[in-house]
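Undergrad: coordinates only, sequence not included:
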């Protein structure tokens, strides 16, 4: 049995009613462990692209790709696991109940993590982050450790293959 | 000139060459029903329940090789089809199920008889969609026929809202449709095939495992040629039964949970297993860690997702069975496998497939009677003990095939599927082998059989019990026969350990029940009556004949491997 790890797929699908349900339904029906799934239309309005992250071993991952491929609504399955890529996840974090000194701390954290302070209140601050999923996890862990009340919403990662060096 | 959706629907069926549609009316399909009334090319079969409707279409599809076309209304009409759709999905039967739907502007309102049938069937269809625009109707119907019948066949569900049925639009039905996400495999990787051949050539104890895919592809002849040319013995799965003639010297029998002792021993001992058209279902493999432990495994299947899912294989080959076999036949050279075949013959002598003959009429005797009286035709089974006896003892060949519910194991499948098979192949004798339990799950279809003038022979093996579960209770649950006795009354003793002479009569009386339909009913209680009853049924072309065989309650299906155990651990007595 190979190791369980995060695997990434870019999935091109028909932009139609029910396709998202069908893809996500596959993961629940077959007990595959879905980590994140994002979807949006591509440059062609009749095609959507999903970025899917699943935690699984090699054998299961092969199955997932085959099962996705066999769906009529799936146009293309791309395995991004071992491909150089650009990946970002959008995240908003609201920190509550902070005094002036703590606000200062929030600004410092924002600077270190290269994220934007998007809004500010009397005793709160809103961070807007566009980081890798991992970096976002670290940020949340840090905020949770430092402050009493943090509210987080995150969008799931989107990924695209890097431009090959030979094309530069 | 533009035409209505309903007119285009009928036109599409005609252009696809559909000769039969299985249809049950209802509020959301009345317009299509009206359109079907106005034409004469397509026979419309009216079943008595939508679940049976799907099974009839399955039987029709299996008997003819054509797509089974179904029409039901929205809501309950649609939900009643779900069991049948799942059955077709797991046995790769090409069906198209057209469901009526409430008008587009009512979808989502919890309207009368509205259900999200596409959503409900998403995991058991090859493709399913609601037609949301009249202009898409022709293309979607064409897609349905293409998808259902090609690659690994399966059920496709097309949901048509009532307003789409009546809306005017393009009168043309496309002759071809390009589906960018659907490209069934039509080639075979020669390199992989060569690796497979090399393994077989070097093998000392090679074995072919043929599954239902061989029958679906119509690759029986090529399988036989290949096996003969290389001199390799063959075992089959239940769905693969019939891929080799029963009396062929290289054919061992079925393997799996209730397979032949020699067949399971051969799988356990072979050094190269050439499996084709099987998905290594758990009923075939048992404990996966112990499956074919000495073998390098070659796996040919049309469905990439079936390969290396249950059993990780050494040589995967994605291909149609015929395509792969044709190539292999070109290369095949005769091998000396006499010692290996002798070993298999020894296992067969050690534990032959045989039921007791000392105590009255045994199921084996009934199956032998069917073999004698019906050397040709189609045998359709339901699910349970009788099904396993049929797969063990019914002898198949080029002119005789079997239709059974293998993947889903759907009780209630047999009787309607037999009716559908007869509708599809009226020139053939159709024998339905069923149990007293499964028969009662769709017995309303007797009316359909009569109305469709389908003279089939219905053999009910009545053992007073739901025998397959009763068998497990006898072997593994200390003879606690909970809810498996079909004769049990409220006032029976709580801890009944089986028939004791005070048992109440069985209901229904299947002979009287048959007679109430004006159908011939025969009760057989002794083996001397078997062939006579079957002959009477065969000669009766007026309508169906029901034969109720009264068999002992305690007959077991043996050998048996307990679910999850290795296939080598067979219970033999």
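TA: Nice, I can see it. All values derive from a computational prediction rather than experimental measurement.
Undergrad: contacts, neighbours, all on C-alpha from now
TA: Noted.
Undergrad: and the one residue in chain A that gets nearest to chain B, which of the three is it?
TA: With CA to the nearest CA as the measure, residue A:75 is the residue of chain A nearest to chain B, at 4.2 Å. Put simply, residue A:75 is strand when judged by DSSP: H, G, I helix; E, B strand; the rest coil.
Undergrad: in space, what's closest to residue B:442 - neighbours in sequence excluded?
TA: residue B:412 (5.2 Å; CA to CA, 6 or more residues apart in numbering or on different chains).
Undergrad: residue contacts, the residue of chain A closest to chain B?
TA: Residue A:75 sits next to A:11-14, A:69, B:180-182 when contact means CA atoms under 8 Å, 6 or more residues apart in numbering or on different chains.
Undergrad: how about the strands of the stretch 151-300 of chain B, start to end?
TA: B:155-161, B:168-169, B:206-210, B:234-236, B:251-254, B:272-276, B:296-301 (DSSP state E, counting those that start in this stretch).
Undergrad: apologies, that question was intended for chain A.
TA: A:5-14, A:34-41, A:47-56, A:74-79, A:85-96, A:116-120, A:125-131, A:149-161 (DSSP state E).
Undergrad: now the longest helix along chain B, how far from the centre of its chain.
TA: Ranked by residue count under DSSP state H, the longest helix found in chain B is helix B:50-64. Mean C-alpha position of helix B:50-64 versus that of the full chain (CA atoms, centre = their mean, to the nearest Å) differs by 10 Å.
Undergrad: and the very next helix or strand once past it, which strands flank it?
TA: Heading C-terminal from helix B:50-64, the first helix or strand you meet, by DSSP states H and E, is strand B:68-72. The strands beside strand B:68-72 in its sheet (DSSP bridges) come out as strand B:20-23 (parallel), strand B:95-101 (parallel).
Undergrad: now do strand B:68-72 against strand B:155-161, angle only.
TA: 30 degrees (axes from the mean of the first three to the mean of the last three CA atoms, to 10 degrees).
Undergrad: can you give the contact residues for strand B:68-72?
TA: Outside strand B:68-72, the residues within contact range by CA under 8 Å, 6+ apart are B:18, B:20-26, B:29, B:50, B:53-54, B:57-58, B:60-61, B:78, B:94-100.
Undergrad: just stretch A:78-91 next, same as before
TA: A:6-11, A:128-133, A:136, A:152-162.
Undergrad: still on that earlier bit, quick check, nearest of the contacts of residue A:75 to residue A:113?
TA: Nearest to residue A:113, judged by CA to CA, of the contacts of residue A:75 is residue A:11 at 30.1 Å.
Undergrad: could you measure from the closest one over to residue A:159?
TA: 11 Å (CA to CA, to the nearest Å).
Undergrad: mind checking the pLDDT average for stretch A:152-168?
TA: Mean pLDDT, stretch A:152-168: 90.
Undergrad: quote the end-to-end distance of it.
TA: End-to-end distance (CA to CA), stretch A:152-168: 38 Å.
Undergrad: same question, stretch A:143-151
TA: Note: stretch A:143-151 ends 10 Å apart using CA to CA.
Undergrad: ok, now stretch B:43-59?
TA: 16 Å.
Undergrad: in that stretch, what counts as buried?
TA: Within stretch B:43-59, the residues that qualify as buried are B:44-59, counting by 16 or more other CA atoms under 10 Å in any protein chain shown.
Undergrad: got the residues of the stretch 151-300 of chain B near chain A?
TA: Proximity of the stretch 151-300 of chain B to chain A, by CA under 8 Å from any CA of the partner chain, involves residues B:179-182.
Undergrad: drop anything exposed from the contacts of strand B:68-72.
TA: So, by 16+ other CA under 10 Å, the buried ones in the contacts of strand B:68-72 are B:18, B:20-26, B:29, B:50, B:53-54, B:57-58, B:60-61, B:78, B:94-100.
Undergrad: pull the contacting residues for the residue nearest to residue A:36 when sequence neighbours are not counted.
TA: Nearest residue to residue A:36 in three dimensions, chain neighbours excluded: residue A:53, at 5.1 Å (CA to CA, 6+ apart). By CA under 8 Å, 6+ apart, the residues touching residue A:53 are A:6-9, A:34-37.
Undergrad: for those, pick the one with the most neighbours.
TA: Using other CA atoms under 10 Å in any protein chain shown as the neighbour criterion, residue A:8 leads these with 24 neighbours.
Undergrad: surely it is in contact with residue A:54?
TA: Yes - with contact defined as CA atoms under 8 Å, residue A:8 reaches residue A:54; the gap is 6.7 Å.
Undergrad: tally of neighbours for residue 19?
TA: All of this is about chain A. 19.
Undergrad: my bad, chain B
TA: Neighbours of residue B:19 (other CA under 10 Å): 16.
Undergrad: need the contact partners of stretch B:435-452.
TA: Looking at what lies outside stretch B:435-452 - CA under 8 Å, 6+ apart - the contacts are B:45-49, B:52, B:382-386, B:411-416, B:419, B:423, B:455, B:460-466, B:486, B:517, B:543-544.
Undergrad: for residue B:531, which non-adjacent residue is closest in space?
TA: residue B:369 (5.4 Å).
Undergrad: ok, residue 35 - contacts?
TA: Picked chain A for this. Each residue near residue A:35 by CA under 8 Å, 6+ apart is listed here: A:6, A:52-55.
Undergrad: think we crossed wires, I meant chain B
TA: Counting by CA under 8 Å, 6+ apart, residue B:35 has contacts B:6-7, B:10.
Undergrad: skipping its backbone neighbours, what lies nearest residue B:510 in space?
TA: Residue B:510's closest residue in space is residue B:548 (CA to CA, 6+ apart), at 6.7 Å.
Undergrad: now that neighbour: which helix or strand?
TA: Using DSSP H and E, residue B:548 falls within strand B:545-550.
Undergrad: what strands line up against that strand, and which way round?
TA: Partners of strand B:545-550 in the sheet, by DSSP bridges, are strand B:457-462 (parallel), strand B:520-524 (parallel).
Undergrad: average pLDDT across the first one?
TA: Confidence over strand B:457-462, taken as the mean pLDDT, stands at 98.
Undergrad: any idea which helix or strand comes after it?
TA: helix B:467-476.
Undergrad: residues in contact with that next one?
TA: Contacts of helix B:467-476 (CA under 8 Å, 6+ apart): B:384-385, B:479-481, B:484, B:553-554, B:556-557.
Undergrad: and if you look at stretch B:281-296?
TA: Contacts of stretch B:281-296 (CA under 8 Å, 6+ apart): B:237, B:255-257, B:267-273, B:310-311, B:313-314, B:561, B:563-567.
Undergrad: mind doing that once more with 7 Å?
TA: B:237, B:255-257, B:267-273, B:314, B:563-567 (CA atoms under 7 Å, 6 or more residues apart in numbering or on different chains).
Undergrad: list only buried entries from these.
TA: Buried among the contacts of stretch B:281-296 by 16+ other CA under 10 Å: B:237, B:255-257, B:267-273, B:314, B:565-567.
Undergrad: low pLDDT regions in chain A?
TA: Within chain A, the segments meeting pLDDT under 70 span A:1.
Undergrad: and it, which residues reach chain B?
TA: By CA under 7 Å from any CA of the partner chain, the residues of chain A that approach chain B are A:22, A:63, A:66-67, A:72-75.
Undergrad: mind redoing it with 6 Å?
TA: A:66-67, A:72-75 (CA under 6 Å from any CA of the partner chain).
Undergrad: need the max-distance pair from those residues.
TA: A:66 and A:73, at 13.4 Å, using CA to CA across the residues of chain A next to chain B.
Undergrad: what about these two, which has more around it?
TA: When neighbours are counted by other CA under 10 Å, residue A:66 and residue A:73 differ, and residue A:73 comes out ahead with 25 against 18.
Undergrad: ok, now which ones touch the more buried one?
TA: By CA atoms under 6 Å, 6 or more residues apart in numbering or on different chains, residue A:73 lies in contact with A:13-14, B:181.
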